[in-house]
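Participant: next come a sequence and a model predicted from it.
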Amino acid sequence: MIIGLRPLDGVLSANYWNTRSESLKGIFFGNHFAGGENSIQRPFYFLRKFKIVPFWKCLNALSFAGMRALTTDNSPKMISYEKIFENNAEWIAKKKATDAEFFEKLAIDQNPDYLYIGCSDSRVTAEEMMGAKPGEVFVHRNIGNLVVSIDVNVMSVINYAVNYLQVKHIIVCGHYNCGGVKAAMTQEDMGILNPWLRNIRDVFRIHKEELHAITDSKKQFDRLVELNVREQCINVIKTAAVQKQFIHTGYPIVHGWVMDIKSGRLIDLQIDFEKELKGIQEIYRLI
Ligand code: CO
């Protein structure tokens, strides 16, 4: 267990890094307030902030709560609602400092070369991990980075990106440790998620021989993430918009990526777009 003292907000906090470890591993000093869902530090922070309770009482309260109550998780520090607008003001100032007319130019139009279709997972940011600037990537995200032919949302995005923005590349990006993929591997009724996750279960069914041959459950999970990306790429290629535009212009090219959440690394699955296009044309040719 690690106990943390955070002098900036005056809150004694404890991070329960390893629930199975009973040994005290260290004490650290930090300067950020952040409470996880199970944190006991959040109420003390507000008491401290409004000077209702002196800091030593927080300490007393902490003692009272006892070590058993120290259930702060070790998830990333959550940004406060107010801080978002402070950050926004800083971002505006920073952009204007490098280019005074940044926003005037941004407001004129968008002309991105990339359509990114990724998972809604909060850890897998599109532009940030790609190092892309505003205006460079058209983004669509949903649970499990799915491309479903009767989903008006994703189909509208693809059609607009291909026909009007004339993007050069379409990327389907999945990620390891995907909750959507994990849920689809679970034998459980998940209510409204059932029809959505069914698309991932279908990917499993199509590739069940390969997946059942993998005995390591983590590796099987990772492989399903990759195969799901591949099948969603094929779903993009099945669309009339992509097929037509490619015949006329040689674009867009469809790519499949996986983000390795533990390292941040983007892995290109090297999907051979033209080969895949030819492979599906027997059945899915729409032009
Ligand atoms: Co996900």
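Facilitator: Arrived safely, thanks for sending.
Participant: quick check: closest non-adjacent residue to residue 115.
Facilitator: Excluding its sequence neighbours, the residue lying closest to residue 115 (Cβ to Cβ, 6 or more residues apart in numbering) is residue 161, at 4.0 Å. In this view, the C-beta of every residue, glycine as well, is placed from N, C-alpha and C.
Participant: wait, doesn't the one you found sit right on residue 169?
Facilitator: No - the pair residue 161 / residue 169 is not scored as a contact, 10.1 Å apart, by Cβ atoms under 8 Å.
Participant: that older thread, the residue nearest to residue 115: what's it in contact with?
Facilitator: Applying Cβ atoms under 8 Å, 6 or more residues apart in numbering to residue 161 gives the contacts 112, 115, 138, 167, 170, 252.
Participant: of the residues you listed, which is the most crowded?
Facilitator: Highest neighbour count within the contacts of residue 161: residue 170, with 28 neighbours (other Cβ atoms under 10 Å).
Participant: restricted to strands, list the contacts of residue 161.
Facilitator: 115, 138, 170 (DSSP state E).
Participant: from the contact counts, what lies against the lengthiest helix in the chain?
Facilitator: The longest helix of the chain (DSSP state H) is helix 217-237. If you count contacts as 3 or more Cβ pairs under 8 Å, 6 or more residues apart in numbering; DSSP states H and E, helix 217-237 packs onto strand 169-175, helix 179-184, helix 193-206, helix 208-212, strand 253-260, helix 273-284.
Participant: what separates it from the chain centre, distance-wise?
Facilitator: Put simply, helix 217-237 sits 16 Å off its chain's centre (Cα atoms, centre = their mean, to the nearest Å).
Participant: that older thread, can I get the contacts of residue 161 in CSV with pLDDT and distance to residue 266?
Facilitator: Shown next, in CSV, are those (pLDDT from 0 to 100; distance: Cβ to Cβ, whole Å):
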residue, pLDDT, distance to residue 266
112, 98, 18
115, 98, 16
138, 98, 18
167, 98, 18
170, 98, 15
252, 97, 18
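Participant: can I assume residue 157 is in contact with residue 138?
Facilitator: Yes - here residue 157 reaches residue 138: they are 7.3 Å apart, a contact under Cβ under 8 Å.
Participant: shared neighbours of residue 161 and residue 169, which are they?
Facilitator: Contact criterion Cβ under 8 Å, 6+ apart; residues bridging residue 161 and residue 169 by contacting each: 115, 252.
Participant: sorry, back to before: worst average pLDDT in the helices and strands packed on helix 217-237?
Facilitator: Ranked by mean pLDDT, those bottom out at helix 273-284, with a mean of 92.
Participant: now what about that helix, what contacts it?
Facilitator: Contacting residues not belonging to helix 273-284 are listed as 233, 234, 237, 238, 243, 246, 253, 254, 255 [Cβ under 8 Å, 6+ apart].
Participant: ditto for stretch 80-91
Facilitator: residue 79.
Participant: please compute how far it lies from its chain's middle.
Facilitator: Counting by Cα atoms, centre = their mean, stretch 80-91 comes out at 21 Å from the chain centroid.
Participant: what is the mean pLDDT for that stretch?
Facilitator: Mean pLDDT, stretch 80-91: 96.
Participant: buried sites along that stretch?
Facilitator: Of the residues in stretch 80-91, none count as buried by neighbour count, 16 or more other Cβ atoms under 10 Å.
Participant: same check, this time on stretch 271-287
Facilitator: By neighbour count on 16+ other Cβ under 10 Å, the buried set for stretch 271-287 is 271, 273, 276, 277.
Participant: returning to that earlier point: how about a markdown table for the contacts of helix 273-284, with neighbour count and distance to the ion added?
Facilitator: Output for these, formatted as a markdown table (neighbours: other Cβ atoms under 10 Å; distance: Cβ to the ion, whole Å):
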| residue | neighbour count | distance to the ion |
| --- | --- | --- |
| 233 | 23 | 16 |
| 234 | 19 | 19 |
| 237 | 24 | 22 |
| 238 | 19 | 22 |
| 243 | 19 | 28 |
| 246 | 19 | 28 |
| 253 | 16 | 24 |
| 254 | 26 | 19 |
| 255 | 20 | 18 |
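Participant: the residue nearest to residue 115 is in what secondary structure piece?
Facilitator: Per DSSP states H and E, residue 161 falls inside helix 152-163.
Participant: which positions in the protein make contact with the ion?
Facilitator: 119, 121, 178, 180 (Cβ under 5 Å from the ion).
Participant: and the two most separated of the residues you listed?
Facilitator: Farthest pair in the residues of the chain next to the ion (Cβ to Cβ) is 121 and 180. Separation: 8.0 Å.
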